[in-house]
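**Q** What follows is a predicted protein model with its sequence.
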Amino acid sequence: MARMNMVQALNSAMDVMLGRDPRVVILGEDVGYFGGVFRVTDGLQRKYGESRVLDTPIAEGGIIAAAIGMGANGLKPVAEIQFADYIYPGFDQVVSELARLRYRSAGAFRAPVTIRAPSGGGIRGGQTHSQSPEAIFAHVCGIKVVMPSNPYDAKGLLISSIEGEDPVVFFEPKRIYNGPFDGDPHKPAVPWSAHPRGEVPEGYYTVPIGRAEVVRTGSEVTVLTYGTMVHVAEAAVRGLGVDAEIVDVRSMSPLDVDTLCGSVCKTGRCVVVHEATRFSGYGAELVATVQEECFWNLEAPIKRVAGWDTPYPHAFEWDYFPGQARVAAALREVLETA
Amino acid sequence: MSPRSRLHVPSPPARPGQEPDFSYVQISPAGAVNRPDVTAAARDIESLSLELVRVLGDDHRAIGAWNPHLEPAELQVGLRHMLLTRLFDDRMQRIQRQGRISFYIKSTGEEAVAVAQGMALQPGDMLFPSYRQQGLHIVRGHNLVDLMCQCLSNTRDMCKGRQLPIMYHWAEGNIFSISGNLATQFPQAVGWAMAAAIKGEDRIAASWIGEGSSAEADFHYAMTFAAVYQAPVILNLVNNQWAISTFQGFAGGEHRTFAQRGPGYGIPGIRVDGNDFLAVYAVTQWAAQRARQSGGPTLIEHVTYRAAAHSTSDDPARYRPKDEWRAWPLGDPVTRLKDHLIALGEWSEERHQELQQQLDAYVTACWKEAESYGTLTSGPSLDPLTMFEDVFKDMPPNLAREREELAALRTAAAADGRPAAPSVAQKG
């Protein structure tokens, strides 16, 4: 076991897969010589050569299209989109092509492409470096969508994504690249080395896609969340002193309905927390699913805590970010309902 | 008067009721264009993007440096493929009009592009066509029955009823799946070619785009990536003058030739007479040899004319002169190759008639067989429950649940004696 932050864990996942499988190639803006703007591909080009870890032109549509062509020619491309906010020029290639190639050709052609994209805010990135577009992609049939909340899951899920035969959009909550963030920007940063999930095997292992994880067991209320907000929710629950169960969704598509709804049916109360905007956000899917599966077990209306329905404002980041106070208020409200 | 800007809205030279006018098409005499070595630097051969490579002269003879010197037997094969493509298209169009398939797209008038190129490439080369290169399937020997079954969405449909007619694929024949969205395959072909180079293979990729959809960003991605990585790919831009109702001026063709975009990216651009089988064959051979020798990509602009409607849902009489094709200065690719073979003493009108009858009978026989595997309205049909397959490699729980739900609905409908919903909705 080694101590790794999320950047190192993701790097290790790609290192392991580049070493194990000659079909794996990495491509993206600044990923090669420089090692990526977040250093996630640091050292990989030196180790595996410039035709396996490829710098690309600044053209997300071209990166994803080229990855599809490479995938169709037997490679396993891992494309980095430098910020999730930049993915939209490649959206057509994801939605109309990558997601449907297997389906439209009845399995004759496949493109097992993994698209990595740092997402989420809390880094003073303004409206073009802070978005959480997971719901937009979870809505698309034919791609898997995941978001880890810690280094151990990040590595295991990325290896699963690269090894799998389906396309995956892999969101990396960049606010917690270097340490778990509880939503309080005024507290000193906490490194992953102090966190149990900062302990990461150096070699090969997988975390399966499509499985949620109960990260805190409890009996009074269930919090369904993922990414950075797992840590914010944990802090809010600690601060409030309530016996909440926290479920890290991890995989937006496919969704682990059994784990999520098993927990809500047990506690009878549910709060859904995500950083992305609320309206038509991924939380709406979670709430609808819980309603369908757990209605007769519910003792209170389900609450959503999410980003406000505005673009991510640069100067008002901490008024925008759904921090501990908002999560705690929702928990209190749900728990106080008779 | 103070200066002011004015919006320029391109207008085609002729609309319905007017005389066709193709004076804007710059045409070089046959044999006039120099054929550079395949290793020539892109910047030294920019003139190829302005001229028009032509081999077949008005006297039906092949002349000049681009003459590929094909054997008469090969020319006869080319003629046969083009003729079969045309007869297949004509038949499928009629079948669509009878309501027996929902939709069709003909390639009439531009058969030489797919057929000559398909013949000039190696069987292992990967093809990424748009929806008007059915000739590629014919050249590579894809069973016509399979193509028809796809159009019928029947029990033998390669796409299992998931795609509009003509969105074929053929993995064994190295022909990629047609998306139905335009231009997206162009940068994918470049990615495929990059992978071939990474693996050190000698296979190359080729893709086709219309002049209209070359306005999409995908064209720019493809050209940029192809140039940056010197990918072994042939990028074909089929300029058939019309994108549904908008003429080539709406894709930027008023100011530069489409081939001239090549040199802008550092890629050789070749403008070729797309209705000249020999010229198309020759430039493809040149580009393929260049790509195989690590010389990188080539952009080929095929100057041709879309003689048919855009699709069976289109009526060109509403936006262009009815007889415009008759005035097209580069003629008909089938007639031109036929006349060439006759001039060589290797063909005759009688043999042509005979071949046409033979191919027509073949198309009829294929259609009869295809129909036996089911049609829109009768015979065996696909199981709608297969719609949940191939979304992912393994069916996730939500799809398995939906599949059960539809199965229960169908069982209940059957028990009530209600007809099950037709698996393919008929299109207008």
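**A** Thanks, I have it.
**Q** Wondering if stretch A:142-152 reaches chain B at all.
**A** Yes. Applying CB under 8 Å from any CB of the partner chain, one finds stretch A:142-152 touching chain B at A:Gly142, A:Lys144. Using the backbone N, CA and C atoms, a C-beta is placed for each residue, glycine as well.
**Q** Can you give the distance from that stretch to the centre of its chain?
**A** A distance of 4 Å separates the centroid of the chain from that of stretch A:142-152, by CA atoms, centre = their mean, to the nearest Å.
**Q** Tell me the span between the first and last residue of that stretch.
**A** 26 Å (CA to CA, to the nearest Å).
**Q** Now do the strands in the stretch 201-350 of chain B.
**A** B:205-210, B:233-239, B:242-243, B:246-247, B:269-273, B:298-303 (DSSP state E, counting those that start in this stretch).
**Q** anything in the second one sitting right up against chain A?
**A** Read that as strand B:233-239. No. Applying CB under 8 Å from any CB, one finds strand B:233-239 separated from chain A by no less than 9.3 Å.
**Q** Now whatever residue of chain B ends up closest to chain A: closest residue in space that isn't a chain neighbour?
**A** With CB to the nearest CB as the measure, B:Gly191 is the residue of chain B nearest to chain A, at 2.5 Å. Leaving aside its chain neighbours, B:Gly191 sits nearest to A:Gly69 (2.5 Å; criterion: CB to CB, 6 or more residues apart in numbering or on different chains).
**Q** report the angle between the axes of the helix or strand where the one you found lies and strand B:205-210?
**A** Using DSSP states H and E, A:Gly69 falls within helix A:60-72. If you take axes from the mean of the first three to the mean of the last three CA atoms, to 10 degrees, helix A:60-72 sits at 140 degrees to strand B:205-210.
**Q** re earlier: can you lay out the strands of the stretch 201-350 of chain B as JSON lines showing mean pLDDT and mean neighbour count?
**A** Converted to JSON lines, the strands of the stretch 201-350 of chain B look like this (pLDDT from 0 to 100; neighbours: other CB atoms under 10 Å in any protein chain shown):
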{"stretch": "strand B:205-210", "mean pLDDT": "98", "mean neighbour count": "28"}
{"stretch": "strand B:233-239", "mean pLDDT": "98", "mean neighbour count": "30"}
{"stretch": "strand B:242-243", "mean pLDDT": "97", "mean neighbour count": "22"}
{"stretch": "strand B:246-247", "mean pLDDT": "96", "mean neighbour count": "18"}
{"stretch": "strand B:269-273", "mean pLDDT": "98", "mean neighbour count": "28"}
{"stretch": "strand B:298-303", "mean pLDDT": "98", "mean neighbour count": "30"}
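**Q** Now render those as TSV, adding distance to A:Leu286.
**A** What follows is those, written out as TSV (distance: least, CB to CB, whole Å):
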stretch	distance to A:Leu286
strand B:205-210	41
strand B:233-239	44
strand B:242-243	44
strand B:246-247	45
strand B:269-273	52
strand B:298-303	49
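**Q** which regions of the stretch 1-150 of chain B sit below the pLDDT cut-off?
**A** Low-confidence segments of the stretch 1-150 of chain B (pLDDT under 70): B:1.
**Q** Up against chain A, what does it have?
**A** Counting by CB under 8 Å from any CB, the residues of the stretch 1-150 of chain B close to chain A are B:Met126, B:Phe128.
**Q** again, 6 Å this time
**A** Proximity of the stretch 1-150 of chain B to chain A, by CB under 6 Å from any CB of the partner chain, involves no residues.
**Q** got the residue ranges for the helices in the stretch 1-150 of chain B?
**A** B:72-97, B:111-120, B:134-139, B:144-152 (DSSP state H, counting those that start in this stretch).
**Q** need these in TSV with distance to B:Asp390 and mean neighbour count, can you?
**A** Output for those, formatted as TSV (distance: least, CB to CB, whole Å; neighbours: other CB atoms under 10 Å in any protein chain shown):
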stretch	distance to B:Asp390	mean neighbour count
helix B:72-97	26	20
helix B:111-120	27	29
helix B:134-139	21	26
helix B:144-152	15	23
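**Q** Which one of these lies nearest to A:Val95?
**A** helix B:144-152 (23.2 Å; CB to CB).
**Q** Count the residues that sit near the closest residue to B:Gln289 other than its chain neighbours.
**A** Excluding the flanking residues, the one nearest B:Gln289 by CB to CB, 6+ apart is B:Val38, at 4.8 Å. B:Val38 has 17 neighbours, counted by other CB atoms under 10 Å in any protein chain shown.
**Q** Distance check, the residue positioned nearest the centre of chain A against B:Phe88.
**A** What sits nearest the mean C-alpha location of chain A, by CA atoms, centre = their mean, is A:Met147, with 1.5 Å. Per CB to CB, to the nearest Å, A:Met147 is found 49 Å from B:Phe88.
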